[in-house]
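Novice: Prediction below, plus the sequence it came from.
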There are 4 protein chains.
Amino acid sequence: MATDALVAFEPRKMPIQARSTVTVDAISEAAIQVLLSHGAERLTTTRVADRAGVSVGTLYQYFSNKQSLLFAVLENHFNKVASRVEAACQRARHKPLSEMTKEMVEAFVDAKMERADISVALYRVACEVGGPTLVKRVNHRTRKAVEAALETAPDIKSPPDQFAIEIMLSAMGGVMRSLLESGPSPATVRKAREQLVLLCQSYMAAATAKRV
Amino acid sequence: MATDALVAFEPRKMPIQARSTVTVDAISEAAIQVLLSHGAERLTTTRVADRAGVSVGTLYQYFSNKQSLLFAVLENHFNKVASRVEAACQRARHKPLSEMTKEMVEAFVDAKMERADISVALYRVACEVGGPTLVKRVNHRTRKAVEAALETAPDIKSPPDQFAIEIMLSAMGGVMRSLLESGPSPATVRKAREQLVLLCQSYMAAATAKRV
Amino acid sequence: MATDALVAFEPRKMPIQARSTVTVDAISEAAIQVLLSHGAERLTTTRVADRAGVSVGTLYQYFSNKQSLLFAVLENHFNKVASRVEAACQRARHKPLSEMTKEMVEAFVDAKMERADISVALYRVACEVGGPTLVKRVNHRTRKAVEAALETAPDIKSPPDQFAIEIMLSAMGGVMRSLLESGPSPATVRKAREQLVLLCQSYMAAATAKRV
Amino acid sequence: MATDALVAFEPRKMPIQARSTVTVDAISEAAIQVLLSHGAERLTTTRVADRAGVSVGTLYQYFSNKQSLLFAVLENHFNKVASRVEAACQRARHKPLSEMTKEMVEAFVDAKMERADISVALYRVACEVGGPTLVKRVNHRTRKAVEAALETAPDIKSPPDQFAIEIMLSAMGGVMRSLLESGPSPATVRKAREQLVLLCQSYMAAATAKRV
DNA sequence: CATGAATGAGGTTTCATTCAT
DNA sequence: TATGAATGAAACCTCATTCAT
């Protein structure tokens, strides 16, 4: 049985001084750069440290191992996307279900596309680095935000249950993954965005008891 | 840019003799066993060969390298799922859209769940082994089958376009992936199956011009 | 030939101020604690400094390198044991050979057992840190003390020569090392103590010209 | 707490083919050579493999890690010494206690001195590699041989007990260690040999009930 | 004097792959 | 064809030590 679910992905030490924060950021950014330029399996801690302009030792002072570095990068990326969706949910409060869904989906797509290259690169490492755990965590957070927003929709009697929202979120994730990995043209992205909106809208409508 | 996407994942030779086929199957099966028992990163060619009861050398006689072995395993798994969906599409011909969709989705979910453990294990290797390429290929095949079935649905004027079907398939993939990676209870699976049917039904309905 | 036997093991500076002495002691004590809790190969200068409540930099202000720190700890331990034996030799002056030997051996055993854990831990580092040199030095000092005591024994004509005493001391060291490393029960220690007394007594008697 | 007592020191794989045996021996011998020429802390697996004329990979095919390699070397050395002592015990059967002791001690000293350089080099690694465990095991074996021999001594009523023999063996070990680490002249060795014989003889006599 | 972030050489170990038997 | 011993590049990671603050 694979037992690596137990390893600690958390960073080794919280940087306190300003200098440290800079270093940590430089390392994280370097990891992304290396990921983009060399690919997931050519990403080595030494290469990342080089790119970041620090020594390997420094890297290991802030990240207990390669996995925890990649985990941090992944987490950061997911958090950014989640924040964007949360913000959209905020803005969409009290709007009708259909519009609310639209804004949420569009925020999600736009956030993913904004750093499309990073998203794709991260798909390659996610599985080796606790991706599922992280996805679960982020989906939970996002689901809460969507749920809260849905409560305020004026045109529905009782909102879709948690489970339905989770289904929707994972469907969105699947669609975006396929899309991003196909290296789509802007036109394709636009079309996919529309369709994803439609998909979520129709599912939300179907999963909801409408107010008369 | 990572350039190892170019390597040949195809098996080294087409085994014609019966004995070879047996060996190839044994190796493929062993790969799955090792994947399940040791995890993706502890899967070594030597271990697979051991488990298959052959020598490493023999393994390399049938698979040009580790990637092509894993690719073959992955392909086989995907093909099985695709076949099940295709069969469902055949059976559902001339049924109404909603029912057709139901059967297709249920076939997909059931096929994935049948060897849930393998599915999960393969998620871990897919990214290192040309997963996206394969997914694209399989989705294309599946899409053709769905498309053909939809042509026969009596209650729609013009079926959803290719793009919509691809969106639906990737949504299904995303939902199943999330589900499988969460180690779901049978009850959860049942519920998810229902919801996924609903999701696809409502999307198909929305993406279709209905016949009056 | 290994040439690192030449490095200076001596502490970097003689601390005169009281605060310094406190710091040096804290570091030495911390080294022992780390040795006991983490083992010899997990002992790092950073860990010792942490345990001592100072920074690594401070550690290096008082000990020129890791070896010199461990050397100091070792030396301190050996000196304590040697002092106990010397004191016993003092007390045993003018007593008969047999009794004198008994007291000396018992002092040695008791001194070693008093901090048995430390003794064992130090065996692990001794070899990497100039142990033999130190053993030689301490044995020399102890031998002098024993020699001086033997001069006062009333029942011997001429005492055993230097060489015989050194043999005896190294035999005692060997027995204690085996004993300590076996994690002995109190009963075993008691028995070993008796036997070691017997061993030394009989050897001393055999190596001495008795007075008629 | 140091927990490395649990690691497996046993070799990874029993060489079956002749070629393998040659390789294993070459590696073991190379380890000794490196130990002598570079010292314990400059001994690296890479260096040993180089010296043995094989690749590191080959080394690791026969020894699961550095420790197990050194353990094997240590074990081999100890076994040689033990065999020599056992042989001496065989030859000394039915001789008087004093003569028996003499032959046994001399066999021990001679065996150790025969490869004095190796003995000294191994003291440096023993502690990091399960030395105590091994010493215990070898002492047990040697003690059995001595015990059996003593049973045949014609001039003693009841032989010294196990414990006394163990004391004697560890005393011998301690004396030899001190001697070897001092880099003694041949004359010194001769003298030490005599004294060690005397020490053991007198102790054995004292610990024995003589036959009238 | 004290700090602790940074260094980077160098160690151990793995594992895909080859090729002589 | 099958074998499996040998290969060796290359990965990860540690830790003694320094030096700017």
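Specialist: Arrived safely. Residues are numbered from 1 along each chain as shown, chains lettered A, B, ... in the order given.

Novice: domain assignment for chain A?
Specialist: In terms of domains, chain A is parsed into A:14-63, A:68-210 (source: automatic domain parsing).

Novice: Tabulate those domains (TSV), appending distance to residue D:198.
Specialist: The way it works is simple: take the backbone N, C-alpha and C, and place the C-beta from them, glycine included. Below are the domains of chain A laid out as TSV (distance: least, Cβ to Cβ, whole Å):
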stretch	distance to residue D:198
domain A:14-63	57
domain A:68-210	64
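
Novice: Export those domains as TSV, with columns for distance to chain B.
Specialist: Listed next are these as TSV, based on distance: least, Cβ to the nearest Cβ, whole Å:
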stretch	distance to chain B
domain A:14-63	3
domain A:68-210	1
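
Novice: Please save the CA atoms from stretch A:113-133 in CSV.
Specialist: C-alpha atoms of stretch A:113-133 as CSV (Å, rounded to 0.1, in the frame of the first residue of the first chain):
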residue,chain,number,x,y,z
MET,A,113,-6.8,30.9,-17.9
GLU,A,114,-4.9,33.9,-16.5
ARG,A,115,-2.0,31.7,-15.8
ALA,A,116,-2.8,28.9,-18.1
ASP,A,117,0.8,27.8,-18.5
ILE,A,118,1.2,27.4,-14.7
SER,A,119,-2.1,25.5,-14.5
VAL,A,120,-1.0,23.0,-17.1
ALA,A,121,2.5,22.7,-15.5
LEU,A,122,1.0,22.0,-12.2
TYR,A,123,-1.3,19.3,-13.4
ARG,A,124,1.9,17.4,-14.0
VAL,A,125,3.1,17.6,-10.4
ALA,A,126,-0.2,17.6,-8.6
CYS,A,127,-0.5,13.8,-8.4
GLU,A,128,3.0,13.3,-6.9
VAL,A,129,2.5,15.9,-4.3
GLY,A,130,-0.8,15.5,-2.5
GLY,A,131,-2.9,17.1,-5.2
PRO,A,132,-6.1,15.3,-4.3
THR,A,133,-5.8,16.3,-0.7
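
Novice: Any regions of chain A where pLDDT drops low?
Specialist: A:1-19, A:210-212 (pLDDT under 70).

Novice: ok, now with 80
Specialist: Across chain A, the ranges flagged by pLDDT under 80 are A:1-20, A:209-212.

Novice: And the strands in it, which stretches?
Specialist: Ranges of strands within chain A are A:156-158, A:209-210, based on DSSP state E.

Novice: Deepest in the core, which of those is it.
Specialist: Highest mean neighbour count of those: strand A:156-158, a mean of 13 (counted as mean count of other Cβ atoms under 10 Å in any protein chain shown).

Novice: hmm, back to that, out of the strands of chain A, flag the one nearest residue C:136.
Specialist: strand A:156-158 (87.5 Å; Cβ to Cβ).

Novice: and residue A:73, what does it touch?
Specialist: By Cβ atoms under 8 Å, 6 or more residues apart in numbering or on different chains, the residues touching residue A:73 are A:28, A:31, A:32, A:35, A:122, A:125.

Novice: How far away from the center of its chain is stretch A:195-209?
Specialist: 21 Å (Cα atoms, centre = their mean, to the nearest Å).

Novice: should've said stretch A:108-128
Specialist: 7 Å.

Novice: which other residues reach that stretch?
Specialist: A:32, A:35-36, A:39-40, A:43, A:67, A:70, A:73-74, A:77, A:80-81, A:84-85, A:88, A:131-132, A:134-135, A:172, A:176-177, A:180-181, A:189, A:192-193, A:196, B:40-41, B:123-128.

Novice: ok, the nearest residue to residue A:199 once chain neighbours are set aside - contacts?
Specialist: Spatially, and ignoring its direct neighbours in sequence, residue A:199 is nearest to residue B:203 (4.6 Å; Cβ to Cβ, 6 or more residues apart in numbering or on different chains). Listed by Cβ under 8 Å, 6+ apart, the contact set of residue B:203 reads A:198, A:199, A:202, A:203, B:164, B:167, B:168, B:171.

Novice: Filter the residues you listed down to the buried ones.
Specialist: A:198, A:199, A:202, A:203, B:164, B:167, B:168, B:171 (16 or more other Cβ atoms under 10 Å in any protein chain shown).

Novice: how about stretch A:164-179 as PDB, C-alpha atoms only?
Specialist: Presented in PDB, the C-alpha positions along stretch A:164-179 are these (Å, rounded to 0.1, in the frame of the first residue of the first chain):
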ATOM      1  CA  ALA A 164     -24.600  18.900  -5.900                       C
ATOM      2  CA  ILE A 165     -22.300  21.900  -5.600                       C
ATOM      3  CA  GLU A 166     -19.400  19.600  -5.200                       C
ATOM      4  CA  ILE A 167     -20.400  17.700  -8.300                       C
ATOM      5  CA  MET A 168     -20.500  20.900 -10.200                       C
ATOM      6  CA  LEU A 169     -17.100  22.100  -9.000                       C
ATOM      7  CA  SER A 170     -15.500  18.800  -9.900                       C
ATOM      8  CA  ALA A 171     -17.200  19.000 -13.300                       C
ATOM      9  CA  MET A 172     -15.800  22.500 -13.800                       C
ATOM     10  CA  GLY A 173     -12.400  21.200 -12.800                       C
ATOM     11  CA  GLY A 174     -12.500  18.400 -15.300                       C
ATOM     12  CA  VAL A 175     -13.600  20.600 -18.100                       C
ATOM     13  CA  MET A 176     -10.900  23.100 -17.400                       C
ATOM     14  CA  ARG A 177      -8.300  20.500 -17.200                       C
ATOM     15  CA  SER A 178      -9.200  18.900 -20.500                       C
ATOM     16  CA  LEU A 179      -9.400  22.400 -22.100                       C
END
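
Novice: tell me the contacts of residue A:35?
Specialist: Counting by Cβ under 8 Å, 6+ apart, residue A:35 has contacts A:43, A:73, A:118, A:121, A:122, A:124, A:125.
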